[in-house]
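A.B. asks: here you go, sequence then predicted model.
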Amino acid sequence: MMDLAKHIDANRSQALATLKELIEIKSEAADPVTTSDGEFYPFGSGVQDAFAYMLSKGRELGFSVENIDNYGGHIDFGNGEETVGVLGHLDVVPAGSGWEHDPYGAVTEDGYLIGRGTTDDKGPLVAAFYAMKSLKDAGYEPHRKIRLILGLDEETAWKGIEYYFSKVEAPTFGITPDADFPVINGEKGLMLFELAKKLSKGNLRGLQLSKLSGGEAPNMVPGFARAVVRSDEKNAYENIKEKLAAFEESTGYKLKSKGAGKSLEISCRGIPCHGATPEKGLNAISVLMEFLGSLNFANEDVNEFIEFYNKHIGFNIDGSEIGIGFEDEKSGKLSLNNGLITYDKDAVSVNINVRYPVSFDADKVYEAMTPILDSYGIGIMKLMDSPPLFFDDDSRLIKTLMEVYREETGDEENGPLVTGGGTYARACPNTVAFGGLFPGDPDIMHQKNEKISIDRFNKMIDIYAKALYRLTQKEFKI
């Protein structure tokens, strides 16, 4: 093998500078934009800016690039008949509040680069990009083309990657640097659905629920929730504040109340995290709903929905209280996260994100919930289902990636993982998630103060360079 390490070392400072510049672009999903000259940006100007930046960087460094109608694109190295794909994404979840530094300031501190997207997914994507550059600089001629695919709405609806693959042939096989090391050999099924209850007008006298909201995205454990209540009864708000104090003392949860005109606002903060691992966070909606369950609203439909939520969703993250507590030996337990709640005088709804074990399917999940939902008069809107993936540990692709990881890290203990995360491996055949979170490192994707260790970032470049070398050798067969 050529002296690849020398070329990787020569690229490290440039790789970090590129990542910093990319982090500074606020690539949160937004409404489509049509420019004055008629160009269409389907995911908003911020995502488009990040996309344009990476395409420009690809051209600058001598790669072939292609833009597929601003829905996605790629950066190519090599000319083989077969293609090894590296599927990453440039969009990020909303930054939210509570950061110690500007989430788009790309601040370096104590050996870390801080910012939204540093770990999910700009850091791993840039590491893979500079792995490609290092191979190119070393004069390597791959037997298969290497294609870095730039996704633009992985955190939302995946319309971009669907459009891209409707125009471009999928790679022969590949990796997506958007999960964990050593390698992900299975991904649970991923569902998104809305549960909604229509509300009658109810009694107009007594305590009224005027507003109820919480969450920022279905695939995030919500960090904030808020309710506004209204009553004309004397001392009603004082009684609620007393209940609030008792609730805080008995549960340890922190809520706030304040006057809002003739109403009372009640709010709380949770601990946001990725919806695939709800056990790592604290759902602010569930905290608020538990407290609201101690109040008696004039509208019985509101009381009934709050009762349903607290009894069958609440803090139960394995789905067992709503009848879907499934598990299997390959992938463990189902996980459930309520990411959003919306309310008006006519209806209340929640958006549920479920990750189900690899031996189950969406129909079984829906079927199991139906009796409970029917008993409360709650309707369901099916929004999305991505079936599970699973590769045997002894498959050639998994074995090769494990070998590379162990050679570069010396870690002989950890093995292939099944995750609740949903990656672009689902969008492309013969593709698995590979990195970039290392075993034992804290998972702060989708959380405030997201950051990446610069040492870990550099190690990713080493791993991806060797992996792409191995996968593009003539002797490698999928």
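C.D. replies: Cool, the structure landed. Numbering: from 1, shown residues only.
A.B. asks: could you check how far residue 101 is from residue 307?
C.D. replies: Distance, residue 101 to residue 307, using C-beta to C-beta, to the nearest Å: 42 Å. (Each C-beta comes from the backbone N, C-alpha and C, glycine too.)
A.B. asks: got it, and residue 70?
C.D. replies: Taken as C-beta to C-beta, the span from residue 70 to residue 307 is 47 Å.
A.B. asks: for stretch 331-345, buried residues please.
C.D. replies: 331, 332, 333, 334, 335, 336, 337, 338, 339, 340, 341, 343 (16 or more other C-beta atoms under 10 Å).
A.B. asks: in a markdown table, list these along with secondary structure and distance to residue 391.
C.D. replies: Formatted as a markdown table, the buried residues of stretch 331-345 follow (DSSP: H, G, I helix; E, B strand; the rest coil; distance: C-beta to C-beta, whole Å):
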| residue | secondary structure | distance to residue 391 |
| --- | --- | --- |
| 331 | coil | 12 |
| 332 | strand | 17 |
| 333 | strand | 21 |
| 334 | coil | 20 |
| 335 | strand | 21 |
| 336 | strand | 25 |
| 337 | strand | 25 |
| 338 | strand | 31 |
| 339 | strand | 28 |
| 340 | strand | 32 |
| 341 | strand | 37 |
| 343 | strand | 42 |
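A.B. asks: distance of the residue nearest to residue 95 when sequence neighbours are not counted from residue 79?
C.D. replies: Leaving aside its sequence neighbours, residue 95 sits nearest to residue 103 (C-beta to C-beta, 6 or more residues apart in numbering; 3.8 Å). Going from residue 103 to residue 79 by C-beta to C-beta gives 40 Å.
A.B. asks: looking at these two, which is more packed in?
C.D. replies: Taking other C-beta atoms under 10 Å, residue 103 and residue 79 do not tie; residue 103 has more neighbours (25 against 10).
A.B. asks: and residue 70 and residue 307? Which one has more around it.
C.D. replies: residue 70 (20 against 13).
A.B. asks: and the more buried one, backbone torsions?
C.D. replies: Backbone torsions of residue 70, given as degrees, to the nearest 10, read phi 70, psi 10.
A.B. asks: what residues are up against residue 406?
C.D. replies: Counting by C-beta atoms under 8 Å, 6 or more residues apart in numbering, residue 406 makes contact with 182, 412.
A.B. asks: if I look at it, how far off is residue 283?
C.D. replies: Taken as C-beta to C-beta, the span from residue 406 to residue 283 is 37 Å.
A.B. asks: just the endpoints, please. Distance across stretch 168-184?
C.D. replies: 25 Å (C-alpha to C-alpha, to the nearest Å).
A.B. asks: next one: stretch 30-45
C.D. replies: End to end - C-alpha to C-alpha - stretch 30-45 spans 7 Å.
A.B. asks: any idea how the protein splits into domains?
C.D. replies: Split into domains by automatic domain parsing, the chain comes to 4-188+389-471, 190-386.
A.B. asks: what's the most buried one of these?
C.D. replies: domain 4-188+389-471 (a mean of 20; mean count of other C-beta atoms under 10 Å).
A.B. asks: how far is that domain from where the chain is centred?
C.D. replies: Centroid separation for domain 4-188+389-471 versus its chain: 14 Å, with C-alpha atoms, centre = their mean, to the nearest Å.
A.B. asks: please produce JSON lines containing the buried residues of stretch 331-345, extended by pLDDT and distance to residue 241.
C.D. replies: Below are the buried residues of stretch 331-345 laid out as JSON lines (pLDDT from 0 to 100; distance: C-beta to C-beta, whole Å):
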{"residue": "331", "pLDDT": "93", "distance to residue 241": "45"}
{"residue": "332", "pLDDT": "93", "distance to residue 241": "42"}
{"residue": "333", "pLDDT": "96", "distance to residue 241": "39"}
{"residue": "334", "pLDDT": "97", "distance to residue 241": "38"}
{"residue": "335", "pLDDT": "96", "distance to residue 241": "35"}
{"residue": "336", "pLDDT": "97", "distance to residue 241": "32"}
{"residue": "337", "pLDDT": "96", "distance to residue 241": "30"}
{"residue": "338", "pLDDT": "97", "distance to residue 241": "26"}
{"residue": "339", "pLDDT": "95", "distance to residue 241": "29"}
{"residue": "340", "pLDDT": "97", "distance to residue 241": "27"}
{"residue": "341", "pLDDT": "98", "distance to residue 241": "23"}
{"residue": "343", "pLDDT": "97", "distance to residue 241": "22"}
